[in-house]
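*Asks:* Mind folding the following:
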Amino acid sequence: MSATGRIDEAGFTLIEMLVVLAVLAMVGGIAFPAIDRALSARQFQLAAGEIEAGLHQARASAIAGDAVTPFQPGKAAADIAIDLPRAGIVFYPDGSANGGAIMLASGARRLRLVVDAATGQIGKAP
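*Replies:* A predicted model of the protein is given here:
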């Protein structure tokens, strides 16, 4: 009991708790979609990196093994579409290829990997 005769109790009022919950809800409403977009972008980047690494590996195998080597894409995430040329991408022992482009798409994200027929070099195009 205090000198004025009132009982001092530690704690929070209902209004204070509601304000805290409202602030947490607003922060969550802003943060969670941003985190989801960042994770989706990262997943797309990883898939694109795996496809590009697979192309480089197929070219290196063709050169090292002195044999024609077709590119076989691995499994991508369910929401990433991979569009290969009808004839596929094939690398030859001299490092060249049949050429073509691979399109990766996920929502609004797009990436085009281009294989030069003469050199077999792999590049990214907008």
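*Asks:* which sections of the protein are below the confidence cut-off?
*Replies:* 1-8, 76-78, 126 (pLDDT under 70).
*Asks:* residue boundaries of the helices in it?
*Replies:* 14-65 (DSSP state H).
*Asks:* which residues touch the residue nearest to Ala101 when sequence neighbours are not counted?
*Replies:* Distances taken as Cβ to Cβ, 6 or more residues apart in numbering put Val114 closest to Ala101, at 4.8 Å, once the chain neighbours are dropped. C-beta here means a position set from N, CA and C on the backbone, and glycine is covered the same way. Applying Cβ atoms under 8 Å, 6 or more residues apart in numbering, we find Val114 in contact with Gly100, Ala101, Ile122, Gly123, Lys124, Ala125.
*Asks:* Tell me which residues touch the second one, please.
*Replies:* This points to Ala101. Pro85, Arg112, Leu113, Val114, Val115, Ala125.
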